[in-house]
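A.B. asks: mind looking at a prediction? Sequence and model below.
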Amino acid sequence: MQRYLDYNATCPTLDVALEAMHKTAKHASGNPSSMHWAGRAARRALDDARDKMANYLNVESGSLVFTSGGTEANNMAIFGCLSTAKKGKVVVSAIEHPSVLQTITYWSERLGHKLCLVRPQKNGQMDADIFCAELDEHTVMACLMWANNESGVIQPVHKVVQVCKQLSIPVLVDGVQALGKMNVDVNALGADFISFSAHKIGGPKGVGVLAIRRGVQCETWALGGGQERGRRSGTENVPAVAGFAAALGVLDYADAETVRDGFEEMLLAKMPDVTIHGSDVERVANTSMFTVPGMDGETLLMQLDLSGFAVASGSACSSGKREPSHVLQAMGVNERAARSSLRVSFGIEHTEDDASALVDELVRIRGLLKHMAGL
Ligand SMILES: Cc1ncc(COP(=O)(O)O)c(C=O)c1O
């Protein structure tokens, strides 16, 4: 039996999204910039999707810029902000997704900004006071994600955005892992930039959106036809955008919390030496990240894969080398423990049976690996 427990990596595409994509590709296949009937049909489909999304996110339609995904949305905000800023300080949490961390490091070095990385507490949550203490009159940008993709820990974005606004510091909130898993109200948050991605909510891969607060300057790097109000040139991927809009609000993770909590309880009962990361702070409902001492996370992942369980390990591939999770390391977890970690992210179809099957399998694999190692 196959069980897909890697929803934070991507969600299976929802039927409603597939249907919307198919319908749009078939009946609105013109170029939305063309003035004839075919172009108008595509423009209508694009506008409808944008309006639906704006309504769902509680933001003006004109604030939304469609992109090729969360990565591009983050790149757009960072370049858009830093390229025209006078030299200054950039304050970023150390647990951001690589699409923020690498991009901001690159542009800070190139443009001569000073980069300040702020570590979270041991539980994976940023201390808003510590983060805000780094903000000053020289700060030209701040970045704090809404929910962490590895630990699931929810970050104090409201407080940080509020302080950034008081100090007139542009702030990017990566909302990719928050969308669909919690109430996301863009207007109420009030950040200058918020990024989202369709495939984390059951929409298609390769489409995302950046919400840019009205009046905020964002230099464009995608020049050409002037689409998206001149902010991102290139013919819009209308079917993908329609699929994204169709997926909004469909997944309801309310029950995932029960499954996740049950999983962690069973895991700790059967493997008391396991450490669960971030369990004493608020997390998105579906995510569990834990360390199994003495075990290599990659080996566990591969063994689980052989038994049909798809999970993620606490390491990321960079230039062909497996690097231990920068998130866990920023939380103070040592390299060895970070390499012994797994992330399970449940979907809405999972039940306590799936959770207990995973625990049983982990126990079996650990026993087997210990036996093989002669322990
Ligand atoms: C927090 C976060 N930000 C950004 C991204 C990148 O999104 P995309 O895959 O759409 O480029 C991801 C994807 O894993 C993510 O988890």
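C.D. replies: Perfect, I can see it now.

A.B. asks: and for G203, the neighbour number?
C.D. replies: The tally of other residues near G203 (other Cβ atoms under 10 Å) stands at 32. Bear in mind the C-beta positions are built from the backbone N, C-alpha and C, glycine included.

A.B. asks: I'd say it and V250 touch.
C.D. replies: No - with contact taken as Cβ atoms under 8 Å, G203 and V250 are classed as non-touching, separated by 9.2 Å.

A.B. asks: for these two, list the residues in contact with both.
C.D. replies: Shared between the contact lists of G203 and V250 (criterion: Cβ atoms under 8 Å, 6 or more residues apart in numbering) are residues L14.

A.B. asks: so S288, which of the three states?
C.D. replies: With DSSP: H, G, I helix; E, B strand; the rest coil as the basis, S288 sits in strand.

A.B. asks: who's in contact with it?
C.D. replies: Taking Cβ under 8 Å, 6+ apart, we find S288 in contact with G152, R260, F263, E264, I276, R343, V344, S345, F346.

A.B. asks: of those, keep whichever come out buried.
C.D. replies: A residue is treated as buried here by neighbour count (16 or more other Cβ atoms under 10 Å); on that basis the buried members of those are G152, R260, F263, E264, I276, R343, V344, S345, F346.

A.B. asks: and these, which of them are in strands?
C.D. replies: Residues from those lying in strands, with DSSP state E as the criterion: I276, R343, V344, S345.

A.B. asks: nearest to the ligand among these?
C.D. replies: Among these, S345 lies closest to the ligand (Cβ to the nearest ligand atom), at 10.2 Å.

A.B. asks: surely the closest one touches N286?
C.D. replies: Yes - the pair S345 / N286 is scored as a contact, 5.2 Å apart, by Cβ under 8 Å.

A.B. asks: now do the shared contacts for those two.
C.D. replies: Y7, N8, G152.

A.B. asks: got the phi and psi for G294?
C.D. replies: Recorded main-chain torsions at G294 are phi 80, psi -10, according to degrees, to the nearest 10.

A.B. asks: ok, it - contacts?
C.D. replies: Residues in contact with G294, defined by Cβ under 8 Å, 6+ apart, are S340, K370, L375.

A.B. asks: the first one touches V292, doesn't it?
C.D. replies: It refers to S340. Yes - assessed by Cβ under 8 Å, S340 is found in contact with V292 at 5.5 Å.

A.B. asks: tally of neighbours for the closest residue to the ligand within the stretch 201-350 of the chain?
C.D. replies: Taking Cβ to the nearest ligand atom as the measure, the point where the stretch 201-350 of the chain comes nearest the ligand is G208, at 5.0 Å. Counted with other Cβ under 10 Å, the burial measure for G208 works out to 28 neighbours.

A.B. asks: show me the contacts for it.
C.D. replies: Contact analysis of G208 by Cβ under 8 Å, 6+ apart lists 66-73, 176, 195-198, 244.

A.B. asks: those in helices, which ones?
C.D. replies: Counting by DSSP state H, the part of the contacts of G208 found in helices is G70, T71, E72, A73, F244.

A.B. asks: Three-state assignment for the residue nearest to L101 when sequence neighbours are not counted, please.
C.D. replies: By the measure of Cβ to Cβ, 6 or more residues apart in numbering, the closest residue to L101 outside its immediate chain neighbours is V92, 6.9 Å from it. Under the three-state scheme (three-state DSSP), the conformation of V92 reads as strand.

A.B. asks: separation between V92 and V173?
C.D. replies: Applying Cβ to Cβ, to the nearest Å, one obtains 12 Å for the distance of V92 from V173.

A.B. asks: what do those two both touch?
C.D. replies: Between them, V92 and V173 share the neighbouring residues C143, L144, with contact defined by Cβ under 8 Å, 6+ apart.

A.B. asks: these two: which is more packed in?
C.D. replies: When V92 and V173 are compared for neighbours, V173 comes out ahead with 28 against 24, by other Cβ under 10 Å.

A.B. asks: can you list contacts of the strand or helix carrying that one?
C.D. replies: Under the criterion of DSSP states H and E, V173 resides in strand 171-174. Contacting residues not belonging to strand 171-174 are listed as 70, 74, 77-78, 81, 96-97, 99-100, 141-146, 157, 160-161, 164-165, 189, 191-195 [Cβ under 8 Å, 6+ apart].

A.B. asks: please apply the same query to stretch 225-233.
C.D. replies: 32-33, 62, 65-67, 76, 212, 218, 220, 222-224, 234-236.

A.B. asks: what about it, average pLDDT?
C.D. replies: Stretch 225-233 shows a mean pLDDT of 96 in the predicted model.

A.B. asks: ok, now stretch 271-290?
C.D. replies: Averaging pLDDT along stretch 271-290 gives 98.

A.B. asks: then stretch 144-155?
C.D. replies: Mean pLDDT, computed over stretch 144-155, is 98.

A.B. asks: indicate whether that stretch makes contact with the ligand.
C.D. replies: Yes - contact check for stretch 144-155 against the ligand, using Cβ under 6 Å from any ligand atom: residues in range are M145, N149.

A.B. asks: check stretch 70-85 too.
C.D. replies: Yes - taking Cβ under 6 Å from any ligand atom as the criterion, stretch 70-85 and the ligand are in contact, through G70, T71.

A.B. asks: what's that stretch in contact with?
C.D. replies: Judged by Cβ under 8 Å, 6+ apart, the contacts made with stretch 70-85 from elsewhere in the structure are 65, 67, 90, 97, 99-100, 103-104, 107-108, 111, 113, 140-141, 143, 170, 172, 174, 176, 192-193, 195-197, 200, 208-210, 212, 217-222, 231-232.
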